[in-house]
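Engineer: sequence-free structure coming up:
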């Protein structure tokens, strides 16, 4: 896999190369920032259940470029000064160039999609991007609102994360002429991995080691984002309740949170107190049990895949993502 | 044509509709802002030389959505408070939502391209968008620099405007099964119309009626953009010289400009003086003679098209664009 991902990185470097020095410097800095290349990895593994072709590598690069484009724009709008421990694109090149570089990457990504995938998959990709943007806009209108339901949260992380994981598996499988039933299964696996991935991401914002995660703790909360650990703490969910899908507010932490959240909106000033309350109220463990639930679903479907290298890789990756610390 | 464009507007409204109230309100406000629908118009006219199909209207909508996406992002990065006399998207919904709404429109545009056009045309579209972004980034690095050559200016307006006009004609013709030679001619016509269009746009920034243009005079200059009227004035070009493609600095205005431009960079504070000098030094007339040259090229090629309604429409449109005041 490392060699395969190296090949993907090479394509990304090639495709994002430009005569324009700002574009080529900005993007090469970005792609040297050692992303996890998760989405490309999933696409290639899914392709491994059929006949992987040269275009799989190109399409894998395409998904990573799309992901990077959304990160560049996210960092501009969140005013995050760093990304993966490096200065963010907008910090180095200004907001103007960052917005444009994101657009540039998006268009290069569509270029690859139009050239290398079926019209159906290109349509799927465009749809996922539209959904990601829609969910991010929805997320903006929810900022600092206290009454976010679990359902709304799950819908949001599906739109902004899980769908892209799911699409990665789908494109990989369908372009490798994998059977329809197997392709559908891989798509569901991608979805469940993506849901677990985003939940762990949201947990790390409360409990990660800032040096490992390479961003400060409570970053999302300061942006006004209410994520699963807080939702669980607020509902007074314990891990057991979470996995039973119930949960009546019961703990002291929940009561204290309700105090902080007595108004419709919470304030940035409360974020320190909120983080402590979430850490001490079982919210993290309850959130983790949701991640475990999605991971277990993925593992169950993975077990039903044809035995072999790709299945083992997918199984290992899924388990690793659950216990990742960054 | 008004009915055809009404049909295009309907498709835009439909495609940009979203469950998300911010997206649907923001975009419907935008598309009610009475854009000229020039790019869709060109696509439909070019299609008229062959067999226009339902998908022509969809692709016309696609180009307008792409154009709107770039305008939304432009307004964010230029911090322009208004667009077409209405509050800009970012003024109404904030920078976050504006960046995301631009991304949303871009992805909807790719969705239409992937669904309705050939892979070749979808690739062409993605390439043009990448070029537009590249040129805008180049333009940013040139801001407030005094030594912009005529050649660099022409290259820039080709990338950021004329290529999209050219693509509009190309897509319209090629999807209508027009012959290769005729399609190539229409593509060149689009290019020349686009070059003239952008030059007139740049002239209107120095000489337009702010009420008609719906933006303040000198807007580009305050952003640090050096456009053709200033380049001509600086070179001391007279209209006659411009059309002979020569021009030695000779006039008083040019000398005064060189005084202001003695350093590598000019400053926002000089923009009032620069506008007056350009207005009084023949720079506007010289710039206009370039627009006339591109228009004349377009008209010459239009004369060689098969006679009929589409040719007459194209001829009339090209002449109107040259004398437009907004």
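Structural biologist: Now that the structure is in, tell me what you want to look at. All of these numbers come straight from a predicted model, not from anything done at the bench.
Engineer: which secondary element of chain A has the worst mean pLDDT?
Structural biologist: Lowest on mean pLDDT, DSSP states H and E among the helices and strands of chain A sits helix A:239-244, with a mean of 63.
Engineer: following that one, which helix or strand comes up?
Structural biologist: helix A:252-260 (DSSP states H and E).
Engineer: For the stretch 51-200 of chain A, which segments count as helices?
Structural biologist: Applying DSSP state H, counting those that start in this stretch to the stretch 51-200 of chain A gives helices spanning A:54-78, A:89-116, A:119-142, A:150-157, A:163-174, A:180-207.
Engineer: Turn the ones you listed into CSV, including mean neighbour count, distance to chain B and mean pLDDT.
Structural biologist: Any C-beta I mention is one placed from the backbone N, CA and C, and that applies to glycine too. Output for the helices of the stretch 51-200 of chain A, formatted as CSV (neighbours: other Cβ atoms under 10 Å in any protein chain shown; distance: least, Cβ to the nearest Cβ, whole Å; pLDDT from 0 to 100):
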stretch, mean neighbour count, distance to chain B, mean pLDDT
helix A:54-78, 23, 4, 90
helix A:89-116, 25, 4, 88
helix A:119-142, 21, 4, 88
helix A:150-157, 17, 11, 95
helix A:163-174, 27, 12, 96
helix A:180-207, 22, 18, 96
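Engineer: could those helices go into JSON lines alongside distance to residue B:303?
Structural biologist: Below are the helices of the stretch 51-200 of chain A laid out as JSON lines (distance: least, Cβ to Cβ, whole Å):
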{"stretch": "helix A:54-78", "distance to residue B:303": "44"}
{"stretch": "helix A:89-116", "distance to residue B:303": "35"}
{"stretch": "helix A:119-142", "distance to residue B:303": "38"}
{"stretch": "helix A:150-157", "distance to residue B:303": "57"}
{"stretch": "helix A:163-174", "distance to residue B:303": "48"}
{"stretch": "helix A:180-207", "distance to residue B:303": "55"}
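Engineer: nearest to residue B:89, of the ones you listed?
Structural biologist: helix A:119-142 (11.5 Å; Cβ to Cβ).
Engineer: looking just at contacts, which helices and strands does that closest one meet?
Structural biologist: Packing partners of helix A:119-142 (3 or more Cβ pairs under 8 Å, 6 or more residues apart in numbering or on different chains; DSSP states H and E): helix A:54-78, helix A:89-116, helix A:150-157, helix A:163-174, helix B:21-31, helix B:89-116.
Engineer: one more time with 10 Å
Structural biologist: In terms of contacts (3 or more Cβ pairs under 10 Å, 6 or more residues apart in numbering or on different chains; DSSP states H and E), helix A:119-142 is packed against helix A:54-78, helix A:89-116, helix A:150-157, helix A:163-174, helix B:21-31, helix B:89-116, helix B:119-141.
Engineer: will you turn those helices into JSON lines that also has distance to residue B:255?
Structural biologist: JSON lines is the format used below for the helices and strands packed on helix A:119-142 (distance: least, Cβ to Cβ, whole Å):
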{"stretch": "helix A:54-78", "distance to residue B:255": "42"}
{"stretch": "helix A:89-116", "distance to residue B:255": "33"}
{"stretch": "helix A:150-157", "distance to residue B:255": "62"}
{"stretch": "helix A:163-174", "distance to residue B:255": "59"}
{"stretch": "helix B:21-31", "distance to residue B:255": "45"}
{"stretch": "helix B:89-116", "distance to residue B:255": "41"}
{"stretch": "helix B:119-141", "distance to residue B:255": "27"}
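Engineer: out of those, which comes closest to residue B:72?
Structural biologist: helix B:89-116 (4.1 Å).
Engineer: elements contacting the closest one?
Structural biologist: Against helix B:89-116 (3+ Cβ pairs under 10 Å, 6+ apart) you get helix A:54-78, helix A:89-116, helix A:119-142, helix B:2-16, helix B:21-31, helix B:54-78, strand B:82-83, helix B:119-141.
Engineer: Generate CSV for those, with distance to residue A:204 as supplementary columns.
Structural biologist: As requested, the helices and strands packed on helix B:89-116 are arranged in CSV below (distance: least, Cβ to Cβ, whole Å):
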stretch, distance to residue A:204
helix A:54-78, 16
helix A:89-116, 22
helix A:119-142, 18
helix B:2-16, 35
helix B:21-31, 29
helix B:54-78, 30
strand B:82-83, 40
helix B:119-141, 33
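Engineer: out of the ones you listed, nearest to residue A:181?
Structural biologist: With Cβ to Cβ, the closest approach to residue A:181 among those belongs to helix A:119-142: 17.5 Å.
Engineer: any idea of the angle that closest one forms with helix B:119-141?
Structural biologist: 40 degrees (axes from the mean of the first three to the mean of the last three Cα atoms, to 10 degrees).
Engineer: chain center to helix A:119-142, what's the gap?
Structural biologist: 13 Å (Cα atoms, centre = their mean, to the nearest Å).
Engineer: Distance check, the residue nearest to residue A:145 when sequence neighbours are not counted against residue A:80.
Structural biologist: Excluding its sequence neighbours, the residue lying closest to residue A:145 (Cβ to Cβ, 6 or more residues apart in numbering or on different chains) is residue A:265, at 6.0 Å. Per Cβ to Cβ, to the nearest Å, residue A:265 is found 22 Å from residue A:80.
Engineer: Settle it for me: which of these two has more neighbours?
Structural biologist: residue A:80 (17 against 11; other Cβ atoms under 10 Å in any protein chain shown).
Engineer: what residues are up against that one?
Structural biologist: A:71, A:74, A:88, A:90-91, A:215-216, A:219, A:223 (Cβ atoms under 10 Å, 6 or more residues apart in numbering or on different chains).
Engineer: wait, which of those is closest to residue A:105?
Structural biologist: Nearest to residue A:105 among these, with distances taken as Cβ to Cβ, is residue A:71, at 9.6 Å.
Engineer: Go ahead and confirm that closest one touches residue A:82.
Structural biologist: No. Applying Cβ atoms under 10 Å, one finds residue A:71 not in contact with residue A:82, separated by 11.6 Å.
Engineer: Now do the shared contacts for these two.
Structural biologist: Counting by Cβ under 10 Å, 6+ apart, the residues touching both residue A:71 and residue A:82 are residue A:88.
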